[in-house]
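> With the sequence up front, the predicted model follows.
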Amino acid sequence: MSDLITITDAAKRFVKGRETISIFDKLNLTIEAGDFIAIMGPSGSGKTTLLNLLGGIDRPTDGAISFDGARVDKLTESQLSAWRAANIGFIFQFYNLMPMLNAARNVELPLLLTGLSAKERARRVQAALKIVGLDQRASHLPREMSGGQQQRVAIARAIVADPKMLLCDEPTGDLDRKTADEILGMLQLLNREMGKTIIMVTHDAEAARYANRVLHLDKGRFVEQGAMA
Amino acid sequence: MTDFSLVLANLFSHKLRTALMMVAILIAFLIFGFLAGIQNGLDNVGGKAAESRLVTVNKINFTQPMPVAYVNRIRAVAGVDNVSFANWFGGYYQDPRQVIVTFAVDAETYLQIYRDDIAMAPDQRAAFLSTRIGMVAGRKIAERHGWKVGDRIPLSSNIYTNKNTGTQTWDFTLVGIMDPASEEANPDFILFHKEYFNESVTFGRDTAGWIVIETADPAQNGAVADQIDAMFANSPAETSTDTEKAFGQAFLAQLGNITLIITWVVGAAFFTILMIVGNTMAMAVRERTKEIGVMKTLGFPDGRIFRLVLGESLLLSLLGGLPGLGLAALGLSAIREGIGMPGLALAPFWAGVAVLIMLALGFLTGIIPAWNALRLNIVTALGRQ
């Protein structure tokens, strides 16, 4: 497999008052295309900050981040927006669906950033909802669906524009075990069948089992790496 | 889905709040539309012809009469083509609350000067000129009271006493019906002969309430007016001469300075609405901080987010303002029909001003929330630090 994303000597520091807080320093990571990685670690270890950097919603203080061989950290804000729209699908712990839009319209949102026709957008929305098993709930508002169903809509939204990489921040943190397993199975399927590179931040060891590789982050350093079966 | 439907969905995500804001804006533009319509009515008192005709009144004020001899002296002034005069009768029908605008006039000259305003059948006109106690009434007045040509109508005055009867009532024969001769004209009054008036009043004989003058060249009106007023300077009844339009506006100005009322009422309403809508919009955008953060995460560029938020406030302003303006236009139309004031309408100029104000309102209330949304940091918006 080829390298999809490379982090080289990345540092992230925040200035809070007179204090400078270092989240991590000289962090290195290579993720191959088609990988399914779980990032674990205690609170404050830098998991979410790392995910922010990987998703281009934050920039490293030092170091470089490359995606498909091109530097992401050098892009302007508008270039970063376009890059995110084209390459990254986001799945959040609390789904973050637009409450006033039905499932189909929520899924369609990323497609508004493409030049696709309304007909093609509708076709892709329907296909994405079918993948997550919610094609019959297209007209339902988020409040009319369970947590698991909302997360499935969020997954459909994440994959509808066919991004190369999915970034999942505690995607099952708000779900019961059974529903969580369904969602994780779905992510695994997207990784295995559709070749999506998935990076998942989780506290849940059971969830991490679905990944090919688990990275443990503590105080800004990878302390151990393990390959899953 | 389009950006417009996204704006619409965001705007109506809190239906009650949006509806209340729309009602507030609607009321503001309803008031604006009404006041602008009244202003338009005042600006067009008497129509275009009123700008070229002159009216001479007593300099003290127009309730004070002038000697009727002034009419012939004015007729002799160079540049004067036609002269007529009228007296305010203070008329009402049956009940003092049923006031009817009634003038005692020099019939032949009056109808000549107002030939482009008053339309009447030739036989009725002839009947009016030859009938001493004849009167002609605007069609609306006749219809309102169920009068027909030939009817004997007793009209009363709240000023004069009829010395022949010792009462304040005069008997008239309705000999003609007046219709507007142009769109701007509005003969919603009664005319009767100054001779009948003159021979039966207990006071005020041989006077003219106001003198109407038609000049050969309206461009010379200023000079003619100056000449007339100079002629009666230092006399017991000095005069003031101006265009009929200015006279009409001065008469209506007794109601108050409408322009000033419009400025203050609309200004106060808009300031209040600006504060309410601006604060509510800012609150609505603050509530959606996370949603905006998610949209930015998905790849929506800052400029597009800015346009979406600003579009919301502009749409809100138009959705509230345009129906308000429409209702004002409908209301003005109904009132215009009722009272017969042709200029009482929402002129295109004022409608344009209103739409510009709507856009300005939308812009002013939306610019700060839109700017905040544009500058919103994704990490902060999603609470991801």
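Received the coordinates, thanks.

> Dump the lengthiest helix in chain A to PDB, keeping only the CA atoms.
Identified as the longest helix of chain A according to DSSP state H is helix A:177-194. Only the C-alpha atoms of helix A:177-194 are listed here, as PDB (Å, rounded to 0.1, in the frame of the first residue of the first chain):
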ATOM      1  CA  ARG A 177     -22.900  -1.600  22.700                       C
ATOM      2  CA  LYS A 178     -25.100  -3.300  20.100                       C
ATOM      3  CA  THR A 179     -25.600  -0.100  18.100                       C
ATOM      4  CA  ALA A 180     -21.900   0.700  18.500                       C
ATOM      5  CA  ASP A 181     -21.000  -2.700  17.000                       C
ATOM      6  CA  GLU A 182     -23.300  -2.100  14.100                       C
ATOM      7  CA  ILE A 183     -21.600   1.300  13.400                       C
ATOM      8  CA  LEU A 184     -18.100  -0.200  13.800                       C
ATOM      9  CA  GLY A 185     -19.100  -3.100  11.500                       C
ATOM     10  CA  MET A 186     -20.200  -0.500   8.900                       C
ATOM     11  CA  LEU A 187     -16.900   1.400   9.200                       C
ATOM     12  CA  GLN A 188     -15.000  -1.900   8.800                       C
ATOM     13  CA  LEU A 189     -17.000  -2.700   5.700                       C
ATOM     14  CA  LEU A 190     -16.300   0.800   4.200                       C
ATOM     15  CA  ASN A 191     -12.600   0.100   4.900                       C
ATOM     16  CA  ARG A 192     -12.500  -3.400   3.500                       C
ATOM     17  CA  GLU A 193     -15.000  -3.200   0.600                       C
ATOM     18  CA  MET A 194     -14.600   0.400  -0.500                       C
END
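
> and the residue of chain A nearest chain B?
Nearest residue of chain A to chain B, counting by Cβ to the nearest Cβ: A:A85, 2.6 Å away. Any C-beta I mention is one placed from the backbone N, CA and C, and that applies to glycine too.

> Now stretch B:163-175: average pLDDT?
The average of the pLDDT scores along stretch B:163-175 is 93.

> got the buried residues for that stretch?
Buried residues in stretch B:163-175, defined by neighbour count with 16 or more other Cβ atoms under 10 Å in any protein chain shown: B:168, B:170, B:172-175.

> now swap in stretch B:27-35 and tell me
Of all the residues in stretch B:27-35, those buried under the rule 16+ other Cβ under 10 Å are B:28-35.

> ok, now stretch B:130-143?
For stretch B:130-143, burial by neighbour count (16+ other Cβ under 10 Å) applies to B:131, B:133-138, B:140-142.

> quick one: contacts for the closest residue to A:I199 other than its chain neighbours?
Residue nearest to A:I199 in three dimensions, not counting chain neighbours: A:I37, with 5.0 Å by Cβ to Cβ, 6 or more residues apart in numbering or on different chains. By Cβ atoms under 8 Å, 6 or more residues apart in numbering or on different chains, the residues touching A:I37 are A:31, A:198-200, A:211-215.

> Could you look up the SS state of the residue nearest the centre of chain A?
The residue lying closest to the centre of chain A (Cα atoms, centre = their mean) is A:L167, at 1.1 Å. The three-state label given to A:L167 by DSSP: H, G, I helix; E, B strand; the rest coil is strand.

> bridging residues for it?
Per DSSP bridges, the residues bridged to A:L167 are A:F90, A:I199.

> Report the contact partners of it.
Residues in contact with A:L167 (Cβ under 8 Å, 6+ apart) are A:51, A:54-55, A:88-91, A:199.

> run the last query once more with 7 Å
Contacts of A:L167 were listed using Cβ atoms under 7 Å, 6 or more residues apart in numbering or on different chains, and they are A:51, A:54-55, A:88, A:90, A:199.

> same thing with B:L332?
Neighbouring residues of B:L332 by Cβ under 7 Å, 6+ apart: B:34, B:37, B:344-346.

> Try it again at 10 Å.
The contact partners of B:L332, by Cβ atoms under 10 Å, 6 or more residues apart in numbering or on different chains, come to B:33-34, B:36-38, B:40-41, B:341, B:344-346.

> A strand includes the residue nearest to A:I199, no?
Yes. A:I37 forms part of a strand when assessed by three-state DSSP.

> From B:Y92, how far out is it?
Per Cβ to Cβ, to the nearest Å, A:I37 is found 95 Å from B:Y92.

> B:L332 too?
Distance from B:L332 to B:Y92, by Cβ to Cβ: 27 Å.

> Show the end-to-end separation of stretch B:57-74, please.
Stretch B:57-74 has an end-to-end distance of 12 Å (criterion: Cα to Cα, to the nearest Å).

> Enumerate the positions of it that are buried.
Buried residues in stretch B:57-74 (16+ other Cβ under 10 Å): B:57-59, B:62, B:65-66, B:68, B:70-71, B:74.

> of these, closest to chain A?
Using Cβ to the nearest Cβ, the buried residues of stretch B:57-74 come closest to chain A at B:F62, 62.6 Å.

> Can you classify the closest one by secondary structure?
Going by three-state DSSP: B:F62 is coil.

> what's it in contact with, if anything?
B:55-56, B:88, B:209-210, B:240, B:247, B:250-251.

> Buried members of those into ChimeraX, please.
Buried residues among these (16+ other Cβ under 10 Å), as a ChimeraX selection:
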select /B:55,56,88,209,210,240,247,250
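
> Tabulate the contacts of B:F62 (TSV), appending pLDDT, distance to chain A and secondary structure.
Listed next are these as TSV, based on pLDDT from 0 to 100; distance: Cβ to the nearest Cβ, whole Å; DSSP: H, G, I helix; E, B strand; the rest coil:
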residue	pLDDT	distance to chain A	secondary structure
B:V55	92	63	strand
B:T56	94	68	strand
B:W88	93	64	strand
B:G209	93	67	coil
B:W210	93	65	strand
B:S240	93	65	strand
B:F247	76	59	helix
B:A250	70	56	helix
B:F251	66	56	helix
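
> any chance you could map the strands in chain A?
All strands of chain A, identified by DSSP state E, fall at A:3-16, A:19-32, A:36-40, A:62-67, A:70-71, A:88-91, A:165-169, A:197-201, A:213-218, A:221-227.
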